[in-house]
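Trainee: Here's my sequence, what's the structure:
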Amino acid sequence: MFDYIVIGAGSAGCVLAARLSEDPSNKVLLLEAGPNDKHPMIHMPGGAAEVLKSKTLNWQNYSVPQKNLNNRRLYVPRGKMLGGSSSINGMVYIRGHASDYDDWAEAGNTGWAYKDVLPYFKKSENNVRGANDFHGVGGGLNVIDAPSQNILFDRFIEAGVELGHPRCDDFNGADQEGFGRFQATIRNGRRCSSAVAFLTPQVRKRPNLTILPGAHVKQIIINTDKVIGVEYLQGRKLERAMVSKEVVVSAGAIKSPQILQLSGVGHAEDLKKAGVVLKVELPGVGRNLQEHLDVVLNYTCTQPITLNGPATKLHLQAKTAMDYFLFNKGIATCNQIEGGAFVKSSPELSRPDIQMHFVPVLMTGLIDPVPKQDGVTVHACKLRPESSGTIMITSSDPKDEPLIDFNFCSTEGDWQTLIKCYELCRDLMAAKAWGDLIGGSWRPDHELHKEEDIREFIRNHADTVYHPVGTCKMGSGEDAVVDHELKVRGVQGLRVADASIIPKLIGGNTNAPAIMIGEKCADMMLNH
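Mentor: As a prediction, the model looks like this:
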């Protein structure tokens, strides 16, 4: 018997387990389907690409064919270990726009305005810039300034200024708009995942905290309308843990709705098709799936200052490994996603609606082979898409993958902004600020000008940014799954706390918001 059970040791789940177990009288169980986070490549900031190739550490899901993207199935990586996706992500520290959270509050989610959530962002944070109105120190999540000295990041910012955009010194400060350098969740040259930040060695040794890796949740046990425990598989053995107070589902935007549906919480018709007995009718479970769709262009570089050489040449790979493992220095200590921008597709907008990521490596997909050609990659996505999709189970077997349908580009508004994303990347890379460093576009379809040609490029090449949210929506309407206290409607003793509760996709990366959600949920549960 436990007081609290947390399902999923990801960005939010690690925070919850740490905070709930601070009181030695609380007996806490943390269940994680994946293994411990001991693999050395997890902790190397430059090793993320290798971790993503592992089926042991990554769920490696795929979407259903996307009808508006020439029926392509898109890759959906999700972390499967302590730290969850914070153990495989790009370590970019972004919170989103302040007005995003004010929108949540105005929609009826009391206590989720920017002024309400800012203290939780600051509580988690140990920012190298020190404490001020926007940042905190002393928290477990270490946030540093971009460590790489690669000149290409400076040229990226200068190119943005040349196109008429402002500079931005702090994307999480007073004004998000402009070109600048991202901060990163890195500590002493190593990834600072949520597990590293909050499940410290001291926390892991707490006698009142039990952490179970390799525990694949089968279902939440619901007696009438009250949660009494959790069933999970360890190997082939079915185990059961009982709970006296609350269960919190923190398995992410893909797995959290899947677990609710497997437990009989969801839309009656969806569950009937999957052969699951309905316990609580909640039509919104698995709906409202939102994700950033990325336009990605590649350009060659005239000098060997990109990551293509170290990624493809044996002697440079050896040097990178030696620098990192022996001396804790070099490019492997950097996350390399350090140049970024938030811009408006139209000047009359009140806030940026496009985000850019710049990477000094010519690459296509995350797990595709890296070309030997030196080059760079520039990304741009629409921050608040109008399109939304679904997560649906297909059976009562927890190990069967759910159907993931983003329903991308289902509105003309999304198309128009994505076309502007393409044009922004194309025009930016033609700026004089690059000097002689950029040789030209890697492929002919990176220099298109006709709208229909650009649309076809997007259909063939657009990809996700790995920011799924919204499938256990917070709100008060019929489509809401949790209320403003993150309590699942119609079920006693059950909450959801992760990116799945986000009602509307924020303007930025989603790791920091997920950690904030874990912090705030723990405070609500403990009545702080």
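Trainee: can you give me the strands for the stretch 151-300 of the chain?
Mentor: Secondary structure of the stretch 151-300 of the chain (DSSP state E, counting those that start in this stretch): strands at 178-181, 183-184, 186-187, 190-191, 209-212, 215-223, 226-234, 237-249, 265-266, 280-281, 293-301.
Trainee: Would you mind finding the most buried of these?
Mentor: strand 265-266 (a mean of 29; mean count of other CB atoms under 10 Å). For glycine as for every other residue, the C-beta is placed from the backbone atoms N, C-alpha and C.
Trainee: now that one: mean pLDDT?
Mentor: For strand 265-266, mean pLDDT is 98.
Trainee: With stretch 57-67 instead?
Mentor: 97.
Trainee: distance between the ends of that stretch?
Mentor: Stretch 57-67 has its terminal residues 30 Å apart, counting by CA to CA, to the nearest Å.
Trainee: Just send the strands of the stretch 151-300 of the chain back as a markdown table, with distance to Asn407 too.
Mentor: Compiled in a markdown table, the strands of the stretch 151-300 of the chain are given as follows (distance: least, CB to CB, whole Å):
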| stretch | distance to Asn407 |
| --- | --- |
| strand 178-181 | 31 |
| strand 183-184 | 32 |
| strand 186-187 | 35 |
| strand 190-191 | 33 |
| strand 209-212 | 35 |
| strand 215-223 | 27 |
| strand 226-234 | 31 |
| strand 237-249 | 24 |
| strand 265-266 | 18 |
| strand 280-281 | 23 |
| strand 293-301 | 11 |
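Trainee: Tell me which of the ones you listed lies nearest to Phe325.
Mentor: Set against Phe325 and scored by CB to CB, the strands of the stretch 151-300 of the chain come closest in strand 190-191, at 11.4 Å.
Trainee: so what does that closest one touch, helix or strand wise?
Mentor: If contacts are counted by 3 or more CB pairs under 8 Å, 6 or more residues apart in numbering; DSSP states H and E, strand 190-191 sits against helix 40-43.
Trainee: Does anything pack onto the helix it packs on? Which helices or strands?
Mentor: So helix 40-43, by 3+ CB pairs under 8 Å, 6+ apart, packs with helix 48-52, strand 190-191.
Trainee: Could I get the buried residue list for stretch 516-528?
Mentor: Met516, Ile517, Gly518, Glu519, Lys520, Cys521, Ala522, Met525 (16 or more other CB atoms under 10 Å).
Trainee: export that stretch as CSV, just CAs?
Mentor: Extracted C-alpha coordinates of stretch 516-528, given in CSV (Å, rounded to 0.1, in the frame of the first residue of the first chain):
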residue,chain,number,x,y,z
MET,A,516,6.4,23.3,-14.3
ILE,A,517,3.2,21.3,-14.5
GLY,A,518,4.8,18.6,-12.2
GLU,A,519,5.8,21.3,-9.7
LYS,A,520,2.4,22.9,-9.6
CYS,A,521,0.6,19.5,-9.4
ALA,A,522,2.7,18.5,-6.4
ASP,A,523,1.9,21.7,-4.6
MET,A,524,-1.8,21.2,-5.2
MET,A,525,-1.7,17.6,-3.9
LEU,A,526,0.2,18.7,-0.8
ASN,A,527,-2.1,21.7,-0.2
HIS,A,528,0.8,24.1,-0.3
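Trainee: How far does stretch 516-528 sit from its chain's centre?
Mentor: Offset of stretch 516-528 from its chain centre (CA atoms, centre = their mean, to the nearest Å): 20 Å.
Trainee: would you list the buried residues of stretch 516-528 in TSV and tack on distance to Lys473?
Mentor: Below are those laid out as TSV (distance: CB to CB, whole Å):
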residue	distance to Lys473
Met516	17
Ile517	13
Gly518	17
Glu519	20
Lys520	16
Cys521	15
Ala522	21
Met525	20
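Trainee: Arrange the helices and strands packed on helix 40-43 in CSV, one row each, with distance to Ile221 and mean pLDDT as further columns.
Mentor: Formatted as CSV, the helices and strands packed on helix 40-43 follow (distance: least, CB to CB, whole Å; pLDDT from 0 to 100):
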stretch, distance to Ile221, mean pLDDT
helix 48-52, 33, 84
strand 190-191, 35, 96
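Trainee: re the thing from before, of the strands of the stretch 151-300 of the chain, which is nearest Ser388?
Mentor: strand 293-301 (12.0 Å).
Trainee: other SSEs contacting the following helix or strand past the closest one?
Mentor: Going down the chain from strand 293-301, the next helix or strand is helix 308-312, by DSSP states H and E. On a contact count with 3+ CB pairs under 8 Å, 6+ apart, helix 308-312 meets helix 314-327.
Trainee: OK, contacts around Gly46?
Mentor: Thr320, Tyr324, Ile331, Ala332, Thr333, Cys334, Asn335, Gln336 (CB atoms under 8 Å, 6 or more residues apart in numbering).
Trainee: Could you look up the SS state of it?
Mentor: helix (DSSP: H, G, I helix; E, B strand; the rest coil).
Trainee: Great, nothing more from me.
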